[in-house]
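Engineer: could you look at this predicted model? Sequence included:
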Amino acid sequence: MPWIPRGLREGIVTTPYPRRPDGYGRGFRAAVAVRPGPHDRSRVGAAATACPTDAIADGADGPRLDRGRCVLCGRCVALAPEAFELDADFETAGVAREALVVPALPESDAAVAAARAALHRRVRALRRSVHVRHVDAGSDGAVEWEVAALTNPVYDVHRLGIFFTASPRHADLLLATGVGAAGMLGPLRETYEVMPEPKVVIAAGVDAVGGGLVGRGYAAAGGVGDTVPVDVWLPGAPPSPFGLLSAILLAVGLLPGGGHGTARGAGA
Ligand code: SF4
């Protein structure tokens with residue numbers, strides 16, 4: 001019975017998040033942030049050129065980075081460290097696609113606040129417990145590893161009333177991963193259609209948000225947003241279990257503080 005002394009030695013391993021912050025959550029590469037200017041325009045231009053997914057736009061008011069396209073390769077950070085830095089804050093999900101652009105677009109605040117308020121009114125009934133149906137719509141398997149971790153003793157999402165279900169007819173939340181492979185668009189749509197109301201959709205990972213490195217083409221739809229109505233967009237390649245957990249909590253209105261890019265404090 002080696003687990004008895006091990007259990008006594010290690011004590012409680014389950015994360016205190018979201019009740020309290022957990023430093024372990026900041027050990028993952030979660031996002032790229034744009035540092036305040038001034039920036040070296042030539043280096044920012046070089047970073048934009050080197051970005052494999054065209055996630056960086058260098059405008060007159062400085063660079064903007066679309067986390068919904070960023071695969072976290074780190075090239076921009078290496079080429080222009082005064083402009084870009086890796087960010088460990090995993091609460092990166094947003095209730096509007098434009099909320100993933102940093103620095104935030106001036107016109108996006110009101111739209112994001114309205115989307116968040118409408119979502120939380122719709123899913124109020126799900127706050128005590130939520131059943132999740134995960135659909136892999138053409139993933140490379142990276143996000144699936146992180147999804148599988150959610151039920152282990154470290155994350156233990158059952159303690160928060162979050163359960164996975166095999167049947168879409170029992171599901172409240174559709175967790176979609178993958179690039180939207182042509183062969184999976186029909187099953188993804190059918191899964192959504194048979195779920196009971198109220199229902200909510202999370203596009204998890206940069207592949208599901210915008211197609212990642214695969215993008216849009218004959219074999220993939222460039223994400224799942226054209227197939228099912230996405231309520232919460234979670235970037236990351238892959239998002240960590242903490243990121244996934246924060247997105248689920250955001251989707252059902254239980255994320256303390258509201259997270260980033262989500263119009264903190266907007267009415268629920
Ligand atoms: S880290 Fe993201 S934004 Fe930077 S170069 Fe890589 S994909 Fe582009």
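Structural biologist: Arrived safely, thanks for sending.
Engineer: contacts and neighbour counts: CA atoms only from here.
Structural biologist: Fine.
Engineer: immediately after the helix ranked longest in the chain, which helix or strand?
Structural biologist: Secondary structure of the chain read by DSSP state H shows that its longest helix is helix 108-122. Sequence-wise, the next helix or strand downstream of helix 108-122 (DSSP states H and E) is strand 130-136.
Engineer: give me the helices and strands touching that following strand, please.
Structural biologist: strand 162-164, strand 173-177 (3 or more CA pairs under 8 Å, 6 or more residues apart in numbering; DSSP states H and E).
Engineer: measure residue 53 to the ligand for me?
Structural biologist: Using CA to the nearest ligand atom, to the nearest Å, residue 53 is found at 6 Å from the ligand.
Engineer: do the same with residue 67
Structural biologist: With the distance defined as CA to the nearest ligand atom, residue 67 ends up 7 Å from the ligand.
Engineer: ok, the closest residue to that residue other than its chain neighbours - contacts?
Structural biologist: Ranked by CA to CA, 6 or more residues apart in numbering and with sequence neighbours excluded, the top spatial neighbour of residue 67 is residue 100, at 5.3 Å. Residue 100 sits next to 66-68, 92-94, 233, 235, 261 when contact means CA atoms under 8 Å, 6 or more residues apart in numbering.
Engineer: with residue 157 instead?
Structural biologist: By CA under 8 Å, 6+ apart, the residues touching residue 157 are 150-151, 163, 245.
Engineer: and residue 171, how many neighbours?
Structural biologist: Number of residues near residue 171 (other CA atoms under 10 Å) recorded here: 25.
Engineer: check it and give its pLDDT.
Structural biologist: Note for residue 171: predicted pLDDT of 97.
Engineer: repeat for residue 267
Structural biologist: So, for residue 267, pLDDT stands at 32.
Engineer: which pLDDT does the model give residue 39?
Structural biologist: 89.
Engineer: and the contacts of residue 100 as TSV, adding secondary structure and distance to residue 130?
Structural biologist: Formatted as TSV, the contacts of residue 100 follow (DSSP: H, G, I helix; E, B strand; the rest coil; distance: CA to CA, whole Å):
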residue	secondary structure	distance to residue 130
66	strand	30
67	coil	27
68	coil	25
92	coil	21
93	coil	18
94	strand	19
233	strand	18
235	coil	22
261	coil	23
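Engineer: can you list the domains in this protein?
Structural biologist: 31-87, 108-258 (automatic domain parsing).
Engineer: nearest approach to residue 14 belongs to which of those domains?
Structural biologist: domain 108-258 (4.1 Å; CA to CA).
Engineer: coming back round to it: now, which of the contacts of residue 157 sits nearest the ligand?
Structural biologist: Within the contacts of residue 157, the smallest distance to the ligand is 22.0 Å, found for residue 245 (CA to the nearest ligand atom).
Engineer: so the closest one versus residue 183, what's the distance?
Structural biologist: 28 Å (CA to CA, to the nearest Å).
Engineer: between these two, which one's more packed in?
Structural biologist: When neighbours are counted by other CA under 10 Å, residue 245 comes out ahead of the other of residue 245 and residue 183, with 23 against 12.
Engineer: just the pLDDT for the more buried one.
Structural biologist: For residue 245, pLDDT reads 97.
Engineer: could you look up the SS state of it?
Structural biologist: Secondary structure assignment for residue 245 (DSSP: H, G, I helix; E, B strand; the rest coil): helix.
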